[in-house]
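Undergrad: let's see this in three dimensions:
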Amino acid sequence: MSYTRVREQLSKPGFYPHRPSDVTIRESHSSCVFLAGDLAYKLKKPLRFDFLDYSDKATRRRLCGDEVRLNRRLAPDLYLGVRALVEREDGRLVLGEVDDARAVDYLVEMRRFDERRTLASLVERGVAGEQEIRAVARLLARFHAAAEPLPAVDPGDAVRRATAETFASLHRLAPESLARELLAAEELTAAYLVNHRRMLLGRAAAGLVRDGHGDLRAEHVVLEDPIAIVDCLEFDPALRQIDVAEDLAFLTMDLTRLGASPLASKLVAAYRDAGGDPGEPGLLAFHAAQRAWVRAKVELLSGREEEARAYLRLGRLFGWQARRPLVLVVCGTSGSGKSHLAAALAELSGSTVVSSDVVRKELAGIEPAETARGEHYSAGFSRRTYRRLGELAAEELERYGLVIVDATFRRRSERAQFAAGAGALPARVAFVECLAPREVRLDRIRRRRACARGASDVTVELARRQRFSPLTEVDAHHHLPLRTDRDTEDVLHAVETWLNEIRISPRTGSGPERMPAEPNPRSFET
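TA: Next up, the predicted model:
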């Protein structure tokens, strides 16, 4: 019997022995759930994707059994069992026992839960609070502690295989306009796995790779009494036999997507308080990025391009958070495009820009739009400015782990003052030196002054006299000379590619261990 005929019969209240008043259908790319009164029945679609194969009836029966068994770990009262769909002589379907030889297909039978009590629904209605989040965190910590460990698994290899399929699907499904963004995501993933291989293996050896859930979204968390979590992945064990941080990261990503990043931070803190080990923030951010890209693939499979683009943007932002701790200095002579690039990088990464123009005027006691006096640009005042700039960068780094610094940095003495103000930073300090032809720079300054935009006081005459002292004191691996007289997205991609490369440079190592505890709250504004 065809899937269409099966779906048609299951959509009618008269099919069900308990005679519900109506039937509501919830459909995804791979399954169809029929909500019939106080029960729900899940039918797997007879199809095949690169990552999933439901095309064979015997496989669907086996996976229905696996789904019930696995989900009873977190929702024992909701998963009732597997029922067969048996075809009678008149062509009508009836519910039967799972071992009935006449079965044409199989269903997972569940008790129906109140969809208004899912975490997603509570967040969307603004009624999810810290108490609920802490309860979910404690449940997850207990679940992960009891789940079977798989210490022999190499998490990096598992992630590499899973992401290879994800990106292959994305390249096939996404419009050409997203090709460069997908390439940046792939490059980040490859660099992170190389750079952090020792940490990933160490977590596996410590028993932190476990048979978890694999699809831990807010809509799957049911805040009834007791709390239940449904829809564990059953079709590929490798997708749920993962680092506990990867399992947790899916829910933090989904809460962030829903505009509840403070709850995501509380979830991680409560999980840690309950004895769980979510790892460093960069690890969670990396896995959250991967989960966002998986969801983008699912949305494209369902024909929802706008939703897929939103997930891709979220994944890119989490990818930047995975680069923490990082101080990214964007420097260059006036008109080189440094402030424009710094602002674009801050928007992309969700970080804060610390600007020498703004700091200088704060020290002078004037508003950013006011013109500073000559003494405010003296060598001594500039050294004060750069020292304070370093102090502010260190403060932002301590709080959020990622900061963009916007200043010319054209004198070596100014760079030395910045370093003195910043102190011993637990991070890489990377310099992007913006370059542009002289006439392009001067034209930018003319247009900026005509519009009276920004805190910069530089004039065309001053810009003509500016000279830049070469960044010879900076490690060559941490210095990127970059032409900015081209499309902004090209420039951003060049910065991202370079950061990936210097992360895996043998001269720079894998970076420091100390990490800030919180992401920048503006990182996840929606």
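
Undergrad: rest of the way, CA atoms for contacts and neighbours
TA: Noted.

Undergrad: low-confidence ranges in this protein?
TA: Across the chain, the ranges flagged by pLDDT under 70 are 449-450, 452-459, 463, 503-526.

Undergrad: centroid residue for it?
TA: In the chain, the C-alpha nearest the mean C-alpha coordinate belongs to residue 289, at 2.9 Å (C-alpha atoms, centre = their mean).

Undergrad: what sits against that one?
TA: When contacts are counted by C-alpha atoms under 8 Å, 6 or more residues apart in numbering, residue 289 touches 253, 314, 315, 316, 317, 318, 319.

Undergrad: which residues in the stretch 151-300 of the chain form strands?
TA: Under the criterion DSSP state E, counting those that start in this stretch, the stretch 151-300 of the chain contains strands at 209-211, 221-222, 228-229, 241-243.

Undergrad: right, so these: which one is the most enclosed?
TA: strand 241-243 (a mean of 27; mean count of other C-alpha atoms under 10 Å).

Undergrad: which strands or helices does that strand pack on?
TA: When contacts are defined as 3 or more C-alpha pairs under 8 Å, 6 or more residues apart in numbering; DSSP states H and E, strand 241-243 sits against helix 155-173, strand 209-211.

Undergrad: closest to residue 94 out of those?
TA: strand 209-211 (35.0 Å; C-alpha to C-alpha).

Undergrad: ok, and what's touching that closest one?
TA: Residues contacting strand 209-211 (C-alpha under 8 Å, 6+ apart): 144, 147-151, 153, 155, 203, 237, 240-244.

Undergrad: are any of those buried, and which?
TA: Among those, those scoring as buried are 144, 147, 149-151, 153, 155, 203, 240-244 (criterion: 16 or more other C-alpha atoms under 10 Å).

Undergrad: quick one: which of those is nearest to residue 491?
TA: residue 155 (32.5 Å).

Undergrad: show me what contacts the closest one?
TA: When contacts are counted by C-alpha under 8 Å, 6+ apart, residue 155 touches 200, 201, 204, 209, 242, 243.

Undergrad: who's the fourth one bridged to?
TA: Put plainly, it is residue 209. residue 243 (DSSP bridges).

Undergrad: if I look at it, how far off is residue 3?
TA: 37 Å (C-alpha to C-alpha, to the nearest Å).

Undergrad: also the third one?
TA: Between residue 204 and residue 3 the computed distance is 42 Å (C-alpha to C-alpha).

Undergrad: more neighbours: those two, which one.
TA: For residue 204 versus residue 3, the count of surrounding residues by other C-alpha atoms under 10 Å is larger for residue 204: 23 against 13.

Undergrad: the more buried one contacts residue 154, correct?
TA: Yes. Assessed by C-alpha atoms under 8 Å, residue 204 is found in contact with residue 154 at 7.0 Å.

Undergrad: touching stretch 75-84 from outside, list them.
TA: By C-alpha under 8 Å, 6+ apart, stretch 75-84 touches 64-65, 68, 71-72, 95-100, 103-113, 227-230.

Undergrad: which of those residues are buried? Put it as a ChimeraX command.
TA: Applying 16+ other C-alpha under 10 Å to these leaves a buried subset, and the ChimeraX line that selects it is:
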select :64,65,68,71,72,95,96,98,103,104,105,106,107,108,109,110,112,113,227,228,229,230
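
Undergrad: among the contacts of stretch 75-84, which ones are in strands?
TA: 95-96, 103-111, 228-229 (DSSP state E).

Undergrad: identify the residues contacting residue 404.
TA: Here residue 404 is in contact with 327, 328, 329, 330, 342, 345, 346, 351, 352, 353, 354, 393 (criterion: C-alpha under 8 Å, 6+ apart).

Undergrad: the host helix or strand of the second one pairs with which strands?
TA: Translated: residue 328. In this assignment (DSSP states H and E), residue 328 forms part of strand 326-331. If you go by DSSP bridges, strand 326-331 pairs up with strand 402-406 (parallel), strand 428-435 (parallel).

Undergrad: and the next element down the chain from that strand?
TA: According to DSSP H and E, the helix or strand after strand 326-331 is helix 338-349.

Undergrad: what is that following helix packed up against?
TA: helix 305-321, strand 326-331, strand 352-355, strand 402-406, helix 488-503.

Undergrad: CA atoms only for that helix - export them in CSV, please.
TA: The C-alpha trace of helix 338-349 is given here as CSV (Å, rounded to 0.1, in the frame of the first residue of the first chain):
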residue,chain,number,x,y,z
LYS,A,338,39.5,49.8,9.2
SER,A,339,36.4,51.2,11.0
HIS,A,340,34.1,49.8,8.4
LEU,A,341,35.7,46.4,8.6
ALA,A,342,35.8,46.5,12.4
ALA,A,343,32.0,47.2,12.5
ALA,A,344,31.3,44.4,10.0
LEU,A,345,33.4,41.9,12.0
ALA,A,346,31.7,42.9,15.2
GLU,A,347,28.2,42.4,13.6
LEU,A,348,29.3,39.0,12.2
SER,A,349,30.9,37.8,15.4
